[in-house]
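Enquirer: Fold the stuff below for me.
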Amino acid sequence: MIDDILLSYIFIFVLLEMYEVQWQKATTLIGMLARMFEYYKKSIFLFLVKHPTFYFAIWFMVVNDYNIYAVSLFAIKTLDIATKIVLMKRVFIDKDISPELSLAMLTPLNKFLPYIGVVAYPPLIFLAMS
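Expert: So this is what the prediction gives:
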């Protein structure tokens with residue numbers, strides 16, 4: 001029974017993560033930020049709603065009694081969203097970006113890079129349920 005639940009959790013998380021990848025995907029980091037900023041400038045709440053894996057991580061952490069792996073999943077998702085917000089603020093609002101960061105943001109991304117969360121996060125779900 002636990003195996004079915006575990007697989008269900010992983011499947012749901014992967015589906016939610018794929019949704020996030022699809023609306024954020026671009027060929028460069030600046031392109032990804034620009035896509036995210038379109039929602040952010042409408043409302044930060046809209047931007048946050050577009051991250052369902054964050055809410056999954058909160059729920060999963062509570063359901064698993066704050067297991068260290070579940071808390072790690074939540075912490076990583078929180079840092080991910082916070083980093084995106086800080087970068088969007090620096091690039092699009094403050095327009096305070098170093099030449100090095102500007103160059104890095106214009107560098108083409110590997111086509112598999114946006115999918116790293118689909119591979120990186122499920123092991124934390126597995127470990128939390130073990």
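
Enquirer: so where's the chain shaky on pLDDT?
Expert: Residues of the chain meeting the criterion pLDDT under 70: 1-2.

Enquirer: Grab the longest helix from it for me.
Expert: In terms of residue count, the longest helix belonging to the chain (DSSP state H) is helix 2-24.

Enquirer: next helix or strand past that helix?
Expert: helix 29-42 (DSSP states H and E).

Enquirer: name the helices or strands packed onto that following helix?
Expert: helix 2-24, helix 44-49, helix 68-88, helix 99-106 (3 or more CB pairs under 8 Å, 6 or more residues apart in numbering; DSSP states H and E). Where you see a C-beta, it was placed from the backbone N, CA and C, and this is true even at glycine.

Enquirer: which parts of it are buried?
Expert: For helix 29-42, a neighbour-count test (16 or more other CB atoms under 10 Å) marks 29-33, 36-37, 39-40 as buried.

Enquirer: Let me see the residues that make contact with stretch 72-85.
Expert: 33, 36, 40, 44, 47-48, 51, 53-54, 57-58, 60-61, 117, 121, 124-125, 128 (CB atoms under 8 Å, 6 or more residues apart in numbering).

Enquirer: again with stretch 119-130
Expert: Under CB under 8 Å, 6+ apart, the answer for stretch 119-130 is 2, 5-6, 9-10, 13-14, 17, 53, 60, 64, 67-70, 72-73, 76-77.

Enquirer: now that stretch, how far from the centre of its chain.
Expert: 15 Å (CA atoms, centre = their mean, to the nearest Å).
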